[in-house]
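J.: Below is the sequence, then the predicted model.
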Amino acid sequence: MRLGIKGKQVLGVTAIVGTVVVILSVVQLSQLASVSLDETRARAELLANAIYHRAQKVGVGVSAEPLANLRDDPGLRSILESTLYSKNVTFASLVDIGDVAVAHADRSLEGQKLPAGGDLGKLLDRSALAQLLAIYSSQGQNLEFRQPLLIGDAEIGSIRIGSSTLLIRQDLNGALGPAARAALAALALSVLGAVVLAQILLRPIHVIRSGLTRLGRGELGIQLDLNQQDEFGELGTFFNTVSEQLSADRSQMAGQVANLESAVEHLEDAVAIVNARGELLFANPSMRVLLPSAAPGAALDAVLPADHPLRRLSEQTLVSQQSRGPLSAAFGDSGERLVLTHPISDPKGDLVGIMLIARNMEYLSQVQSTVRYSRKLAALGRLSAGVAHEVKNPLNAMAIHLELLRQQFTTSSARGSGASPRARGAHPELVDGGAVAAVAAAEPIVDRGQALQHVDVIANEIRRLDEVVQSFLKFARPEDLKLQPVGVAALVDEILPIVRPEAGRGGVEILVACDNVPDVNGDPAMLRQAFLNLAQNACQAMPNGGTLRINCESARGGRVSVTFSDSGVGIKPEHLQKIFDLYFTTKEKGTGIGLSMVFRTVQMHDGEIEVESTPGGGTTFRLLLPRA
């Protein structure tokens, strides 16, 4: 519920008075509590002195047990029993050094050890407010006044007088009634006074509000009669000045509109003029074809729906006084138009209106289609050049190793044809043992290890070539996003079993904080691959071990932030601008594809990616994805 100025004033005055009343009541109650505690201590001290003098009179120390003859003394017993009539006092007793009751107002407790209670003297040493809190902050406690019983300088026991905070609280509660009635009376008077004061002080505001209402309806020349010699009088004078200025501006704008009408009447572009209040002043025939209800005086809100691009641009221009657009907008059966807005200012630079323009997009669409096609061709050309470069290197390597392999097998065949009698078809019996051994020693043998090494190189280059072609296809082939609400924490949990083995081999500790994070709007498969690439890159950047932190949290602008931070080697400043380029890598066996795919995935999800890195201090990748 929205409070007006009057309500706020009444509430403020009431709150101030109520606060003062409460503070004064607490102060008064604290003083009463302090007085009540003082009286309680005085009564306890009086009783203790009476018991002490009676003990001395009876003759403490006459017998072997100094306190034994006091238990049945009628005078002492009458003093102990009189505590039942003392205000706030609960008991009186005479105890020995071991706190065992020798004489007690309650005979059933004699011979038992009395539990220790709170110290009444220490409570009296505290402030009055602390005393009040001690009385009301618990279910009640026993306070004691203790006086030692001496024979000479030796203490043979003590006199304990008990009191209860519950009894003291009852006395204070009786004093709360008058204080509460006084507080209610003060509050009632404060509310009444605040209402009367608000009625008197707010009358000029009602007059000004009435004038603003008339001015908002389009009335001109409104003058307020406020003859007060205060701030409200100055405000009324300022209102009259503004009203006169608005009248002059409207007259001037009307003349400008008349001049513009003749200039834009026959333009092919649809043009309209809107004043600073969002009212249509002029619309040429082309605009009236697009917007049949665009008549002079009509509100822009009634002509265009709230989600129409032209209306959004108009509102932005009215606020920022800057040109906005162009944007594509649909106008029913008339098709699409390119819309933009421009501010119209007076000689002083003040905004007096805006110009709306809707341009036929048929020809522009053709030009834009050609430009987009050219850009795609240029991008494809750059990508093709990169692919050609990457394909050429594996092909050259394969050709070299194939030639080396061919030479090995050619040399082996040539040597074998002239040295082995078995290869020439000689009968084994015609060759003696020594000759066979000599021929066998001279027979060339193919180096299988070296040949297999060449084969491995060729196989690796073929796999590399396949990766290059696959990456080219991924970038060249458009992908359909399968957007849906995706749990970020679930995606992180899915990649952890894949990342942990590699992290364990490198001595990398993984810390995850992704609890209570909103879902994002994305493609689960693409986001999972992007997260996996970032996590694996982070582990590879820490060859000597370290810590990978994965944090997820809500971010401003309806986004969710996912951060991958490592404590690895970092990225050099000269490489930081190239890390998302296709095939750029600083790793010995890297492909330069992973981060490019991450960047493309974030772009396709209408997200952002930020990188911070310090050489030797680690790297942080922060992904900002739209919330579902």
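T.: That came through fine.
J.: secondary structure class for His194?
T.: Residue 194: Ala, not His. helix (DSSP: H, G, I helix; E, B strand; the rest coil).
J.: wait, isn't it in contact with Ile16?
T.: No - here Ala194 does not reach Ile16: they are 9.5 Å apart, not a contact under Cβ atoms under 8 Å. Bear in mind the C-beta positions are built from the backbone N, C-alpha and C, glycine included.
J.: Looking only at neighbour counts, state which of those two leads.
T.: Ala194 (20 against 12; other Cβ atoms under 10 Å).
J.: Need the per-residue pLDDT for that one.
T.: With respect to pLDDT, Ala194 has a value of 72.
J.: Over to Val492?
T.: The model's pLDDT for Val492 equals 92.
J.: I'd guessed it sits against Arg549; true?
T.: No - with contacts counted by Cβ under 8 Å, Val492 stays clear of Arg549, the gap being 11.6 Å.
J.: And the strands in the stretch 251-400 of the chain?
T.: Counting by DSSP state E, counting those that start in this stretch, one finds strands in the stretch 251-400 of the chain at the ranges 270-275, 280-283, 324-330, 336-345, 351-360.
J.: Mind putting those into TSV with mean pLDDT?
T.: Conversion of the strands of the stretch 251-400 of the chain to TSV gives the following (pLDDT from 0 to 100):
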stretch	mean pLDDT
strand 270-275	85
strand 280-283	81
strand 324-330	81
strand 336-345	85
strand 351-360	84
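J.: ok, back up a step: common neighbours of Val492 and Arg549, please.
T.: Here Val492 and Arg549 share the contacting residues Val512, scored by Cβ atoms under 8 Å, 6 or more residues apart in numbering.
J.: one step back: nearest to Thr237, of the strands of the stretch 251-400 of the chain?
T.: Evaluated over the strands of the stretch 251-400 of the chain, closeness to Thr237 peaks at strand 351-360, with 24.0 Å, by Cβ to Cβ.
J.: Strand partners (parallel or antiparallel) of the closest one?
T.: With DSSP bridges as the test, strand 351-360 is paired with strand 270-275 (antiparallel), strand 336-345 (antiparallel).
J.: Return the most buried member of the ones you listed.
T.: Comparing the strands paired with strand 351-360 by mean neighbour count (mean count of other Cβ atoms under 10 Å), strand 270-275 ranks first with a mean of 24.
J.: To what extent is the residue nearest to Arg500 when sequence neighbours are not counted buried, counted in neighbours?
T.: Once flanking residues are discounted, Arg500 sits nearest to Ile510: 6.6 Å by Cβ to Cβ, 6 or more residues apart in numbering. Number of residues near Ile510 (other Cβ under 10 Å) recorded here: 17.
J.: I'd like the distance from Ile510 to Val569, if you could.
T.: Look at Ile510 and Val569: by Cβ to Cβ, to the nearest Å, they are 18 Å apart.
J.: Tell me which helix or strand in this protein has the weakest average pLDDT.
T.: helix 433-442 (a mean of 44; mean pLDDT, DSSP states H and E).
J.: Spit out the contact partners of Glu608.
T.: Counting by Cβ under 8 Å, 6+ apart, the residues that Glu608 touches are 559, 602, 623-624.
J.: how near is it to Gly557?
T.: 10 Å.
J.: Please apply the same query to Ile550.
T.: From Ile550 to Gly557 the distance is 22 Å (Cβ to Cβ).
J.: higher neighbour count, those two?
T.: Ile550 (23 against 8).
J.: Surely the more buried one is in contact with Asp566?
T.: No - judged on Cβ under 8 Å, Ile550 makes no contact with Asp566 at a distance of 10.1 Å.
J.: Go ahead and produce PDB holding the CA coordinates of stretch 86-101.
T.: Extracted C-alpha coordinates of stretch 86-101, given in PDB (Å, rounded to 0.1, in the frame of the first residue of the first chain):
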ATOM      1  CA  SER A  86       8.700  -9.200  54.600                       C
ATOM      2  CA  LYS A  87       8.100  -7.800  51.100                       C
ATOM      3  CA  ASN A  88      10.000  -9.600  48.300                       C
ATOM      4  CA  VAL A  89      11.900 -11.800  50.900                       C
ATOM      5  CA  THR A  90      11.500 -15.500  50.400                       C
ATOM      6  CA  PHE A  91      13.600 -17.100  53.200                       C
ATOM      7  CA  ALA A  92      16.100 -16.400  55.900                       C
ATOM      8  CA  SER A  93      18.600 -19.000  57.200                       C
ATOM      9  CA  LEU A  94      21.600 -19.500  59.300                       C
ATOM     10  CA  VAL A  95      24.200 -21.800  57.700                       C
ATOM     11  CA  ASP A  96      27.500 -23.200  58.700                       C
ATOM     12  CA  ILE A  97      30.700 -22.900  56.700                       C
ATOM     13  CA  GLY A  98      29.700 -25.800  54.400                       C
ATOM     14  CA  ASP A  99      26.400 -23.900  53.500                       C
ATOM     15  CA  VAL A 100      24.400 -26.500  55.600                       C
ATOM     16  CA  ALA A 101      21.300 -24.900  57.100                       C
END
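J.: next one: it to chain centre, how far?
T.: The chain centre lies 62 Å from the centre of stretch 86-101; the measure is Cα atoms, centre = their mean, to the nearest Å.
J.: got it, and stretch 292-302?
T.: With Cα atoms, centre = their mean, you get 43 Å for stretch 292-302.
J.: measure it end to end?
T.: Criterion Cα to Cα, to the nearest Å; first-to-last residue distance in stretch 292-302 is 12 Å.
J.: who touches that stretch?
T.: By Cβ under 8 Å, 6+ apart, stretch 292-302 touches 272, 274, 278-283, 287-288, 303, 311, 314.
J.: between these, which has the most around it?
T.: Ala272 (27 neighbours).
J.: which residues does it contact?
T.: Shown in contact with Ala272 (Cβ under 8 Å, 6+ apart): 280, 282-284, 287, 291, 294, 355-356.
J.: again, but for His342
T.: 317, 323, 354-355, 357.
J.: May I see the PyMOL selection of the buried members of those residues?
T.: Applying 16 or more other Cβ atoms under 10 Å to the contacts of His342, the buried members can be selected in PyMOL as follows:
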select buried, resi 317+354+355+357
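J.: for the contacts of His342, which one is nearest Asn49?
T.: For these, the nearest to Asn49 is Thr317 (92.4 Å; Cβ to Cβ).
J.: Excluding chain neighbours, what is closest to that closest one?
T.: Using Cβ to Cβ, 6+ apart, the nearest residue to Thr317 is Thr341, at 4.4 Å.
J.: one step back: is it possible to export the contacts of His342 to CSV including distance to Leu167?
T.: As requested, the contacts of His342 are exported to CSV (distance: Cβ to Cβ, whole Å):
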residue, distance to Leu167
Thr317, 77
Ser323, 82
Ile354, 80
Met355, 86
Ile357, 88
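J.: ok, of the contacts of His342, which one's closest to Arg169?
T.: Of the contacts of His342, the one sitting nearest to Arg169 (Cβ to Cβ) turns out to be Thr317, at 70.1 Å.
J.: I'd guessed that closest one sits against Arg324; true?
T.: Yes - if you go by Cβ under 8 Å, Thr317 and Arg324 touch, sitting 5.1 Å apart.
J.: who touches both of these two?
T.: Taking Cβ under 8 Å, 6+ apart as the criterion, Thr317 and Arg324 both touch Thr341.
J.: Minimum distance to Asp153: which of the strands of the stretch 251-400 of the chain has it?
T.: Of the strands of the stretch 251-400 of the chain, the one closest to Asp153 (Cβ to Cβ) turns out to be strand 351-360, at 97.8 Å.
J.: Would you mind writing the CA trace of that closest one as CSV?
T.: Extracted in CSV, the C-alpha atoms of strand 351-360 (Å, rounded to 0.1, in the frame of the first residue of the first chain):
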residue,chain,number,x,y,z
LEU,A,351,13.7,18.3,-27.0
VAL,A,352,10.3,19.3,-28.4
GLY,A,353,9.5,16.1,-30.3
ILE,A,354,10.7,13.2,-32.4
MET,A,355,10.5,12.1,-36.0
LEU,A,356,9.4,8.6,-36.9
ILE,A,357,10.6,7.1,-40.2
ALA,A,358,9.5,3.8,-41.7
ARG,A,359,11.5,2.9,-44.9
ASN,A,360,10.6,0.3,-47.4
